[in-house]
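Chemist: Fold the following for me, if possible:
(2 chains)
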Amino acid sequence: MIVQALAFYMFSFVAVAAGVLVIAARNPVHSVLFLILAFFNAAGLFVLMGAEFLAMVLVIVYVGAVAVLFLFVVMMLDINFVELRRGVLQYLPIGALIGILLLVELLVVLGGWVVIPQAASNAAAPIPPLDQVTNTQAIGRIIYTDYFYLFQAAGLILLVAMIGAIVLTLRKRPGVRRQKIADQLDRKASDAIEIVKVTTGSGI
Amino acid sequence: MVELWDIYAWPTIVIAFYVILIVAPLLGAVAYLTLAERKVIGWMQLRKGPNVVGPFGLLQPMADGIKLFFKETIVPASANRAMFYLAPIVTFVLSLIAWAVIPFDAGLVLSNINVGILYLFAISSLGVYGIIMAGWSSNSKYAFFGALRSAAQMISYEVSMGFVIITVLMFVGSLNLSDIVEAQSGGFWNWHFFGILFPMFIIFFISTLAETNRAPFDLPEAEAELVSGYNVEYSAMTFAMFFLGEYANMILMAAMTSILFLGGWMAPVDMAPFNWVPGPIWFALKIASCLFVFLWIRATFPRYRYDQLMRLGWKVFLPFSLLWVVVVGGWLIVMDKVPGS
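Modeler: As a prediction, the model looks like this:
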């Protein structure tokens, strides 16, 4: 048990420290790498809770796909660090104001937080019981039965976001020569090659 | 004190011993895979391959290793030092930790976790970090181009790999690698390679080529344009770690192919002369045949052009594998083979 407690404190401490370093690091590439470290430690916390499916999906989706794209974009930015730090004092008041507002909102929400009385007993006896099914099956049963419509709605929102991104960035440029694979595969030898009998010394 | 020893210290020692038992043969296999690659491609091109160091060139990997070990590690002056050193370590470590969940025989697995295949998928999707960090921290144009190409390529092909894994899961009904192999027991006609999953095997195999940056998808290190891609600034042991990591990843991908489609440690026919041979030997043979095809493809196919590579991933593999998920789902229901029902 003591090892689990130690692991919990290690994961949560590193996650929080990495989160702080995300905004404190001067180099944006280092920021993204600290973000990845924070994701990893969150996955570690999930494993400690026995939710290994969520842990793996967190690593696959966030670290394996989302953060790679972050890193991709950030690495290609041409950032002048001196320029970046010059405006800090100018923007500090408004930044601090927004930060304080968010903190107050969080406190208001957390202050009115009430846990339903059955929560402890529900958590103690999950349905279906975890000694009969793996947690992958358990989460699947809940998502595809009780929360099916919400799950579908989440999927639709993602689809709409994807279509929106394509619509925003798609441009039709005239004069671009594109490779048409179907046309290329359609070509036969008889379309392209002509066999000519050449008598010696006369040319074509 | 005795309790501490029994519960924590002793199991840690045992696990460390198992880890050495897995990693040492793996590194040996990596060393001899490099020799096999040069030999096989040599024979295919009517050359002899390495044949000077030791009988048939068998000591060549040792010579290469010792040479790399005694060379000087050079760090470019404008490189980001911490990330420059971190990148090869990340690549190498990721290629080793994936082996924790690979089952070598019934019950012969270091960590038999329930989400084994997801773990493998997660580790293989992390492989891109070593490359992209190497490319960025070298502070060199060619290295950076190689890294960007590699990152885009690996992300693209992971999507269809995910769908292939989903179709296999629909057949098996479990994410556990041992269960996936057990579902293919009985004989080679029960392997996922034969039957409705065969097209997914083709897609998975080609995607593993792209995922490991192998020919014909080796654009990240296209020698002709990018010198050698993301690892151009690396020398000595830092380079060797990239090299070892890449080849260990090849072996890992071959092992994944064997587990998902070729019945893992199962004998092809469950009869007298075949099932005398122990499971790990069959597993190694299957991995070796997959690796031979890797080398064969390298000696045969020209390199893809970059836009063609992207087209293949996004416009051919992704729609087809998506369609095949639906087809396999319908087939399972029609044939009444849905697992767990």
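
Chemist: residues in chain A within reach of chain B, list them.
Modeler: Residues of chain A found near chain B (CB under 8 Å from any CB of the partner chain) are A:3, A:29, A:33, A:36, A:52-53, A:56-57, A:59-60, A:63-65, A:68-69, A:71-72, A:75-76, A:134-136, A:179, A:181. C-betas here are computed from N, CA, C, even on glycine.

Chemist: Just the ones of these in helices?
Modeler: A:3, A:29, A:33, A:36, A:52-53, A:56-57, A:68-69, A:71-72, A:75-76, A:135-136, A:181 (DSSP state H).

Chemist: Test my guess that B:Leu295 contacts B:Thr34.
Modeler: No - B:Leu295 is not in contact with B:Thr34 according to CB atoms under 8 Å; the separation is 10.6 Å.

Chemist: most centrally placed residue in chain A?
Modeler: Nearest to the mean C-alpha position of chain A, by CA atoms, centre = their mean, lies A:Val66 at 3.1 Å.

Chemist: still on that earlier bit, can you flag the buried ones in the ones in helices among the residues of chain A next to chain B?
Modeler: Neighbour-count burial (16 or more other CB atoms under 10 Å in any protein chain shown) applied to these gives A:29, A:33, A:36, A:52-53, A:56-57, A:68, A:71-72, A:75, A:135-136.

Chemist: low-confidence ranges in the chain?
Modeler: Went with chain A since none was named. Scanning chain A for pLDDT under 70 picks out A:1, A:78-85, A:124-131, A:204.

Chemist: Correction: the question concerned chain B.
Modeler: In chain B, residues with pLDDT under 70: B:1-2, B:222-224, B:226, B:340-341.

Chemist: Quickly find the element holding the residue of it found nearest chain A.
Modeler: Going by CB to the nearest CB, chain A is nearest to B:Ser125 of chain B, at 3.1 Å. B:Ser125 belongs to helix B:116-137 when assigned by DSSP states H and E.

Chemist: Next secondary structure element downstream of that helix?
Modeler: Immediately after helix B:116-137, counting by DSSP H and E, sits helix B:141-172.

Chemist: buried ones in that next one?
Modeler: Residues of helix B:141-172 classed as buried: B:142-172 (neighbour count, 16+ other CB under 10 Å).

Chemist: for stretch A:19-36, same thing?
Modeler: Neighbour-count burial for stretch A:19-36 [16+ other CB under 10 Å]: A:19, A:21-22, A:25, A:28-36.

Chemist: ok now the strand or helix carrying A:Gly95, how far from the chain's centre?
Modeler: Using DSSP H and E, A:Gly95 maps to helix A:88-111. In terms of CA atoms, centre = their mean, to the nearest Å, the centre of helix A:88-111 is set 26 Å apart from its chain centre.

Chemist: so after it, what's the next helix or strand?
Modeler: Note on helix A:88-111: by DSSP H and E, the next helix or strand toward the C-terminus is helix A:119-124.

Chemist: Could you chop chain A up by domain?
Modeler: Under the assignment automatic domain parsing, the domains of chain A span A:8-86, A:90-121, A:126-171.

Chemist: Just the terminal-to-terminal distance for the longest one.
Modeler: If I follow you right, that is domain A:8-86. 40 Å (CA to CA, to the nearest Å).

Chemist: Which single one of the buried residues of stretch A:19-36 is nearest to chain B?
Modeler: A:Val29 (6.4 Å).

Chemist: Provide a list of residues in contact with the closest one.
Modeler: By CB atoms under 8 Å, 6 or more residues apart in numbering or on different chains, A:Val29 lies in contact with A:71, A:74-75, B:83, B:136.
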